[in-house]
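*Asks:* When you get a sec, could you give me coordinates for this:
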Amino acid sequence: MTGVPASAAGGSAGARRAAASASTAVPGKVAGTAAARAADGEAPGAGPNASSGVRHGGTAGAAAAGEAVPGEDAGLDVQDDGKAPRGAKIAAAAVNQASVWNIANLLTMLRLVLVPAFVALMLADGGYDPAWRSLAWAAFAIAMITDLFDGHLARTYNLVTDFGKIADPIADKAIMGAALICLSALGDLPWWVTGIILGRELGITLLRFLVIRYGVIPASRGGKLKTLTQGVAVGMYVLALTGWLATLRWWVMAAAVVLTVVTGLDYVKQAIVLRRQGIAEHKAALEEKEA
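*Replies:* Numbering: from 1, shown residues only. Below is the predicted model of the structure:
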């Protein structure tokens, strides 16, 4: 017998068990709980004469808790410091450094190159040779088909570039405008049809720039249907069609003109609503700021 009181021995053992529990606990909350229980005398055998053991147990538990909590906080700092993981930075850099020579932009460039090629084929040999008109139709068809894919590829694979944003709408309007002007110059299509379609396209483009400060006018389903109908109608006029096909193309072009006017008016309506909403929100923000 060493003469050490049983209560003190029990307290020391309980404190050691609490300290061991706290030192092996990974979460800071568990360590803190073990230390608190030891400090409150809840360890087996803890008593009035076990103050030294309690103090040692509480100190060990607190030290263990102190080691666990900073680790937990450090983990939170890694997640919440606002910095992207290294892998994400590398991926973002790769996206930001995407070359202009990606597949989406190459398709847009192809459409731009096809514009002068189409005009040359369309006007070859006086503009009325069926063979040259067929080749011109092939160039026009390729341009219209690539228009369906370049935007989709750019959005899907994150290939959107400043060049694409500028060149894509230019290529769309260039090939359509070239076809309409050539057809009207050759007498195959009335100039008023060309004027309505091109006037609408230029007008909507200017309208988008005028209301850009208030928001972006989204492309509607009617606008996409209009583009498709225009492409089919102009393509049919480019070909040297006769008989019932010549009559059919007239009706398809009529539908394209109607859709052109209707969707154009819809865009004007959206622009007016967008502008009113923007002005109202601006006034409300000023009133709230003054208040």
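*Asks:* Please tell me I have it right and Val160 contacts Leu153.
*Replies:* No. Val160 is not in contact with Leu153 according to CB atoms under 8 Å; the separation is 9.9 Å. Using the backbone N, CA and C atoms, a C-beta is placed for each residue, glycine as well.
*Asks:* so which helix or strand takes in Leu245?
*Replies:* helix 244-290 (DSSP states H and E).
*Asks:* which residues do Val160 and Leu153 both contact?
*Replies:* Ala104 (CB atoms under 8 Å, 6 or more residues apart in numbering).
*Asks:* Could you list every helix and strand that the helix holding Leu245 packs against?
*Replies:* Contact here means 3 or more CB pairs under 8 Å, 6 or more residues apart in numbering; DSSP states H and E; on that basis helix 244-290 packs against helix 191-210, helix 221-238.
*Asks:* Rounded mean pLDDT for that helix, please.
*Replies:* Mean pLDDT, helix 244-290: 92.
*Asks:* buried residues in stretch 155-162?
*Replies:* Leu159, Val160, Thr161 (16 or more other CB atoms under 10 Å).
*Asks:* Relative to Val100, how far out is the last one?
*Replies:* In this view, Thr161 and Val100 are 6 Å apart by CB to CB, to the nearest Å.
*Asks:* Can you say which of the helices and strands packed on helix 244-290 is packed in most?
*Replies:* Stretch with highest mean neighbour count among the helices and strands packed on helix 244-290: helix 221-238 (a mean of 19; mean count of other CB atoms under 10 Å).
*Asks:* List the contacts of that one.
*Replies:* Here helix 221-238 makes contact (CB under 8 Å, 6+ apart) with 122, 133, 136-137, 140-141, 144, 172, 176, 179-180, 183, 188-189, 197, 245, 248-249, 252-253, 255-256, 259-260, 262-263, 266-267.
*Asks:* Buried ones in stretch 212-219, by neighbour count?
*Replies:* Using 16+ other CB under 10 Å as the test for burial, stretch 212-219 gives Tyr214, Ile217.
*Asks:* start to end distance for it?
*Replies:* Stretch 212-219 has an end-to-end distance of 14 Å (CA to CA, to the nearest Å).
*Asks:* and Gly239, what pLDDT?
*Replies:* Heads up, residue 239 is Leu, not Gly. With respect to pLDDT, Leu239 has a value of 94.
*Asks:* give the contact list for it.
*Replies:* Applying CB under 8 Å, 6+ apart, the residues near Leu239 are Arg133, Ser134, Trp137.
*Asks:* switch to 10 Å and redo it
*Replies:* Residues near Leu239 by CB atoms under 10 Å, 6 or more residues apart in numbering: Pro130, Arg133, Ser134, Ala136, Trp137, Phe140, Leu245, Ala246, Arg249.
*Asks:* Distance of the residue nearest to the first one when sequence neighbours are not counted relative to Leu286?
*Replies:* Ranked by CB to CB, 6 or more residues apart in numbering and with sequence neighbours excluded, the top spatial neighbour of Pro130 is Ala240, at 4.3 Å. When distances are taken as CB to CB, Ala240 and Leu286 turn out to be 62 Å apart.
*Asks:* Neighbour count for the two, which is higher?
*Replies:* Set Ala240 next to Leu286 and count neighbours by other CB atoms under 10 Å: Ala240 wins out with 15 against 10.
*Asks:* quick one on the thing from earlier: just the buried ones among the contacts of helix 221-238, please.
*Replies:* 122, 133, 136-137, 140, 144, 172, 176, 179-180, 183, 189, 197, 249, 252-253, 255-256, 259-260, 263, 267.
*Asks:* Surely Val257 touches Leu198?
*Replies:* No. Under the criterion of CB atoms under 10 Å, Val257 makes no contact with Leu198, lying 11.9 Å away.
*Asks:* confidence score at Ala39?
*Replies:* On the pLDDT scale, Ala39 is placed at 39.
*Asks:* got any ranges where this structure has weak pLDDT?
*Replies:* Along the chain, the model assigns pLDDT under 70 to residues 1-98.
*Asks:* again, only this time at 80
*Replies:* The chain contains residues with pLDDT under 80 at 1-99, 151-152, 154-155, 164, 216-221, 291.
*Asks:* one step back: and the residue nearest to Pro130, what helix or strand is that in?
*Replies:* Remark: Ala240 resides in no helix or strand, with elements defined by DSSP H and E.
*Asks:* which residues sit in contact with it?
*Replies:* Residues near Ala240 by CB under 10 Å, 6+ apart: Tyr128, Asp129, Pro130, Ala131, Trp132, Arg133, Ser134, Trp137, Asp188, Ala246.
*Asks:* and the last one, what is it in contact with?
*Replies:* Ala246 makes contacts with Met236, Tyr237, Leu239, Ala240, as judged by CB under 10 Å, 6+ apart.
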